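Asks: Fold the following, please.
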Amino acid sequence: MFGCWYETVLLPRLIHLSMRQKKLAEYRPRVLSEARGRVLEVGIGSGLNLWFYPNDVERLLGLDPSAKLLKMARKAQTHSKVPVTLMNGAAESIPLSDASIDTVVMTWALCSIADPVRALGEIRRVLRPDGALLFVEHGLSPEPEVCVWQNRLTPFWKKIGGGCHLNRPIDELITAAGFAIDMLTVGYMKDAPKAFGYMYEGRAQKR
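Replies: Below is the predicted model:
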């Protein structure tokens, strides 16, 4: 009973609060500034990115598996400058046609997707040949001593963090799914514990 209540009621609120951190806010406008055309945001959550989409976006499709977070996103939707359609669903099975999206956006979503390889394959499927994947994610650190702690903490952390993994090699997952990363910035987020704050920010295109 508690587990169900935690997953459906408390966890979405905790995710919303944690993602509102000021430290994360500086990443959002940089990543979203290149979004163009018909955009799919995978893991739209409570809609914290909606304020940052440029006018070049024709329509935004927001996908998330949490009905509670989508309810929050509907409230945020009223402040969006671009038309928004919200969809309840998983990244491993995106309910869109092949090559129908100009830009896919992921911000701190790949860490918690149950099957990231399958999800990235779906993202590749729905992207147009000249489309772009824009992302900022936290993941595996290059420092061995930090990796040790990430591997130790992940089994516990993913139980309380909605499946969040601290130790996923984000760049390797993206390239293994058939993308070429043409821009990548990595490094620790300021004032964050190293095990939680190694960031991958970039852009990739279908190879």
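
Asks: for this structure, which helix is longest?
Replies: Across the chain, the longest stretch assigned as helix under DSSP state H is helix 144-160.

Asks: Could I get the average pLDDT for it?
Replies: For helix 144-160, mean pLDDT rounds to 97.

Asks: So for it, what gets flagged as buried?
Replies: Across helix 144-160, burial judged by 16 or more other Cβ atoms under 10 Å covers 146, 147, 149, 150, 153, 154, 157, 158. Bear in mind the C-beta positions are built from the backbone N, C-alpha and C, glycine included.

Asks: And stretch 115-132, by the same measure?
Replies: Quick answer for stretch 115-132 (16+ other Cβ under 10 Å): 116, 119, 120, 122, 123, 124, 125, 126, 127, 131, 132.

Asks: Just put the residues you listed in a markdown table and tack on distance to residue 90.
Replies: Output for the buried residues of stretch 115-132, formatted as a markdown table (distance: Cβ to Cβ, whole Å):
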| residue | distance to residue 90 |
| --- | --- |
| 116 | 12 |
| 119 | 8 |
| 120 | 13 |
| 122 | 9 |
| 123 | 12 |
| 124 | 16 |
| 125 | 14 |
| 126 | 14 |
| 127 | 18 |
| 131 | 21 |
| 132 | 22 |
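
Asks: which one of the residues you listed sits closest to residue 109?
Replies: Closest approach between the buried residues of stretch 115-132 and residue 109, by Cβ to Cβ: residue 119, at 8.7 Å.

Asks: then the one helix or strand that closest one maps to to CSV, C-alphas only?
Replies: Using DSSP states H and E, residue 119 maps to helix 116-126. Written as CSV, here are the backbone C-alpha positions of helix 116-126 (Å, rounded to 0.1, in the frame of the first residue of the first chain):
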residue,chain,number,x,y,z
PRO,A,116,17.2,3.1,-22.4
VAL,A,117,18.5,1.1,-25.4
ARG,A,118,14.9,0.5,-26.6
ALA,A,119,13.9,4.0,-25.8
LEU,A,120,16.7,5.5,-27.9
GLY,A,121,15.8,3.2,-30.7
GLU,A,122,12.3,4.6,-30.6
ILE,A,123,13.6,8.1,-30.6
ARG,A,124,15.7,7.3,-33.6
ARG,A,125,12.7,5.9,-35.3
VAL,A,126,10.5,8.9,-34.9
